[in-house]
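Novice: Give me a model of this one.
(6 chains)
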4 protein chains.
Amino acid sequence: MDADSKKMSRRERERQLRRQEILEAARAVFSARGYEGATLDEVAREAEFAKGTLYSYFDSKADLFAALVEREFEHVTERVKEVLAGESEPVRGVRAVIRVLLEFFESRSDFFRAAMALRDTGQREEVERIRATVKKKVDELGDIIGARLADGIRDGHFKEYDARFLGFLLLGIVHNYSVCAIKHGGDESLVSGADMLCDIYLDGVRILRPDVPEEE
Amino acid sequence: MDADSKKMSRRERERQLRRQEILEAARAVFSARGYEGATLDEVAREAEFAKGTLYSYFDSKADLFAALVEREFEHVTERVKEVLAGESEPVRGVRAVIRVLLEFFESRSDFFRAAMALRDTGQREEVERIRATVKKKVDELGDIIGARLADGIRDGHFKEYDARFLGFLLLGIVHNYSVCAIKHGGDESLVSGADMLCDIYLDGVRILRPDVPEEE
Amino acid sequence: MDADSKKMSRRERERQLRRQEILEAARAVFSARGYEGATLDEVAREAEFAKGTLYSYFDSKADLFAALVEREFEHVTERVKEVLAGESEPVRGVRAVIRVLLEFFESRSDFFRAAMALRDTGQREEVERIRATVKKKVDELGDIIGARLADGIRDGHFKEYDARFLGFLLLGIVHNYSVCAIKHGGDESLVSGADMLCDIYLDGVRILRPDVPEEE
Amino acid sequence: MDADSKKMSRRERERQLRRQEILEAARAVFSARGYEGATLDEVAREAEFAKGTLYSYFDSKADLFAALVEREFEHVTERVKEVLAGESEPVRGVRAVIRVLLEFFESRSDFFRAAMALRDTGQREEVERIRATVKKKVDELGDIIGARLADGIRDGHFKEYDARFLGFLLLGIVHNYSVCAIKHGGDESLVSGADMLCDIYLDGVRILRPDVPEEE
DNA sequence: CATGAATGAGACTTCATTCAT
DNA sequence: CATGAATGAAGTCTCATTCAT
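Specialist: Purely as a prediction, here's the structure:
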């Protein structure tokens, strides 16, 4: 995106800039009100553009939200890729991913909340596009994580479940943790939350008792 | 509810019956369209009542949905209580709970999807009541599970994390699993899903290697 | 009405009784909410009848209100007639009428407020009948008072304006006084209000010169 | 309003213009149907705007009516102030006020009818704001007239009743006269109506004794 | 392009009236 | 007759989208 800027005319560059401003405003409003609750009036006000102007950048409310989803997920996905590129050991890789995801989800928790709500809620036709987009981006992210888990499985570090599934499970656990108000303890720092999630995701809730025979 | 039927007049009993019919229709529509996407027109059509009739049973769209949430969650909660009452061993208890939850969430997955979406999405005033209701019922359920986990923690079966938190984590994992399209394998039976979730929730994704020293 | 009771069957007598009960309830509700604001639901609840029952006594909401108007105005008119029958002297007659009207209007001020509002407000078709009724009853009352004023005019006690007009003016002044919150002084007793209105209606607001002896 | 026009942008000026158009249409519809009987559909049709457009100028039906009340009453109040400013003699002042009020009330009689009906009728919550507005504006007008009457009382021209009360009485008499269909005679000109009302308000309906010289 | 006024379909809600029991 | 559940027309209000300037 930025990389392409050099090839753009000034006009085109400014257009991209305004597009980003609108997306930024949209994020604020959608985060605060949810997709259905948000109005383009408010987005326009926040972006300091006229309502009509939004329509020369995005086709519709749904399109705007979808674009936003793309952008935000691309950020996370990018970071996850970076982290995974810098850590080849599977278990440490998982830990790093959980930490990064948690960071992102927490910093944008209201937005992800709104986006994930649309992923799952069967809605009217207009919203179908967004669902598809959210799903696509979540799948993408899940697959990237899953790919690494697959490596770990092959190496004998992780149980032999479907790697994709394990990826989504990880995503789900982290998202759930950051989005729900119910957290471990009260004022826990983000890091300790991450540690705990890592611990449970990796070793479960049961206490290991090498001397105790597996029940049943 | 049923227990009270005897004390009701025929009129009152019929009223309760029709109320249930409306709730049933509402579940279908809300499940298919989500809260915002659903219209009372469609609920009325589905229930084969005039729109106005709905209003003699429920005060508003939000009220109708909230009532539905209460009813559905009460069903699950009831079953979970039963299951826990019949199983005092903590680990087996957790397994049973996961199985029951999965059953319920899967059989009503679209509805729980719609309900859970409202739990977290900050929205307009009208929806606030529903959010509160969903949160209340989810908390109730989470607490019941958490209470049993607390026992397990005390007995040294589970790690010493906040029991409430572990309860919600369990709830989140199961809900996430049943709600998302992405599952382990493809046509796996429901049972295998439950087994897998149990396995991971209890022992994590990492393979136990007693002979291998903990890394890092 | 009561006079006719003897000729009625028990059934018919009871019917009349229930009709009166409904009218009584209707008065309470219409007084509190105004014609448009009142609902038949509330009237039925107040009357302790089912809503449908109202329709076997009155054709419609408008019809019920019209009947109520008739009844209430007939009471005032009756009393005014009595008073006038007992007082042949014009000035004293006017005084007595003002006193009676004030009594009635104050005791039923909310109702007369609601009724008079309909007299003047052009509304949708449905209400037209009520307007006509209110107008008819007000006219009737105005004419009765006007007739006595006409006598006074003929006798040289009152100015030679249209007697009907003077009658309505009197009615208007009293109604206005009893219906508006704005009154002379604060906790004035009803009587002093009547005296004042009499004084002004008869002699105006202007002070008679001190060298001129007060007539009567 | 007009005075500020210069400072407004063209856009703002046009907006004000359209606002006035809507108010004009609203006056026509509310006058013909009364507040409750009027529908925004009809106002929109009359104003030749879409229904939704009304809502970018006024928050609600009640808000639109309240704005209308403010505007109309401000016109009368303005004129009354002017007239009083140009006439310091109390009795002549009263005469001038009656004439001006009559003029206004007659030219907009249907509207004032609708407005005054709301002043007194206890109704549902939504209307409360309008009631308050009407009351405020009527009180304002009554007080202005009352203030002048107070001067007259102090100077010994008027009887020593509460000046506020006398102001409202005057208002009531004139409004009543212009609003009711029942008037003095039939086709009497407006002026003679005013003269008559002046005569009666000042000196009442009773004939002054022949041996008593007419004052002034 | 930017603007924001205008649009109008569509949603929720109310309530007088009807009618089967 | 009494009942009150059911009806559905009608009203208010919202807001995504369009379009003339």
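
Novice: Is the host helix or strand of residue A:113 positioned near DNA strand F?
Specialist: Per DSSP states H and E: residue A:113 is located in helix A:109-120. No: Helix A:109-120 lies out of reach of DNA strand F by CB under 7 Å from any atom of the strand, never closer than 13.5 Å. Where C-beta positions appear, they are placed from N, C-alpha and C, glycine not excepted.

Novice: Give the buried residues for that helix.
Specialist: A:109-120 (16 or more other CB atoms under 10 Å in any protein chain shown).

Novice: Against which helices or strands is the longest helix along chain A packed?
Specialist: Secondary structure of chain A per DSSP state H: the longest helix is helix A:125-154. The helices and strands touching helix A:125-154, judged by 3 or more CB pairs under 8 Å, 6 or more residues apart in numbering or on different chains; DSSP states H and E, are helix A:61-85, helix A:90-107, helix A:109-120, helix A:163-179.

Novice: Quick check: the residue of chain A nearest DNA strand E.
Specialist: Proximity of chain A to DNA strand E (CB to the nearest atom of the strand) peaks at residue A:52, 1.6 Å away.

Novice: Could you say which helix or strand holds that residue?
Specialist: helix A:51-54.

Novice: Quickly note the distance from the closest residue to residue A:44 other than its chain neighbours to chain B.
Specialist: Among residues not flanking residue A:44 along the chain, residue A:51 sits closest, at 4.2 Å (CB to CB, 6 or more residues apart in numbering or on different chains). Noted for residue A:51: a distance of 19 Å to chain B, by CB to the nearest CB, to the nearest Å.

Novice: ditto for residue A:116
Specialist: Using CB to the nearest CB, residue A:116 is found at 8 Å from chain B.

Novice: Next, find the distance separating that residue from chain C.
Specialist: Counting by CB to the nearest CB, the gap from residue A:116 to chain C is 44 Å.

Novice: Now residue A:151. Nearest residue, chain neighbours left out?
Specialist: residue A:90 (6.1 Å).

Novice: got the contact list for the one you found?
Specialist: A:148-149, A:151-152, A:155, A:157-158 (CB atoms under 8 Å, 6 or more residues apart in numbering or on different chains).

Novice: top of those residues by neighbour count?
Specialist: Counting neighbours by other CB atoms under 10 Å in any protein chain shown, the top entry in the contacts of residue A:90 is residue A:149, with 28 neighbours.

Novice: Tell me if I'm right that that residue and residue A:169 touch.
Specialist: No: taking contacts as CB atoms under 8 Å, residue A:149 lies outside contact range of residue A:169: 9.5 Å.

Novice: The helix or strand hosting residue A:200 - contacts with which helices or strands?
Specialist: Taking DSSP H and E as the criterion, residue A:200 maps to helix A:190-203. In terms of contacts (3+ CB pairs under 8 Å, 6+ apart), helix A:190-203 is packed against helix A:90-107, helix A:163-179.

Novice: which one of those is the most hemmed in?
Specialist: Mean neighbour count (mean count of other CB atoms under 10 Å in any protein chain shown) peaks for helix A:163-179 among the helices and strands packed on helix A:190-203, with a mean of 23.

Novice: and residue A:205, what is it in contact with?
Specialist: B:94, B:149, B:158-159, B:161, B:166, B:169, B:201-202.

Novice: Check the gap between it and DNA strand F for me.
Specialist: Computed as CB to the nearest atom of the strand, to the nearest Å, the residue A:205 to DNA strand F distance reads 43 Å.

Novice: what's that residue sitting at in phi/psi?
Specialist: Taking degrees, to the nearest 10, you get phi -90, psi -10 for the backbone angles of residue A:205.

Novice: So what touches the helix holding residue A:52?
Specialist: With CB under 8 Å, 6+ apart, helix A:51-54 has contacts from A:22, A:40-41, A:43-44, A:47, A:64.

Novice: Buried ones among the residues you listed?
Specialist: By neighbour count, with 16+ other CB under 10 Å, the contacts of helix A:51-54 hold A:22, A:40, A:43-44, A:47, A:64 as buried.

Novice: Who's the closest spatial neighbour of the residue nearest to the spatial centre of chain A, skipping the chain neighbours?
Specialist: By CA atoms, centre = their mean, chain A has its centre lying nearest to residue A:73, at 5.1 Å. Leaving aside its sequence neighbours, residue A:73 sits nearest to residue A:137 (CB to CB, 6+ apart; 3.6 Å).

Novice: With residue A:71 instead?
Specialist: That would be residue A:23: by CB to CB, 6+ apart, it lies 6.1 Å from residue A:71.

Novice: how about the helices and strands packed on helix A:125-154 in CSV, adding mean pLDDT and distance to residue D:84?
Specialist: As requested, these are exported to CSV (pLDDT from 0 to 100; distance: least, CB to CB, whole Å):
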stretch, mean pLDDT, distance to residue D:84
helix A:61-85, 95, 57
helix A:90-107, 92, 67
helix A:109-120, 82, 60
helix A:163-179, 89, 68
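
Novice: All good on my end, thank you.
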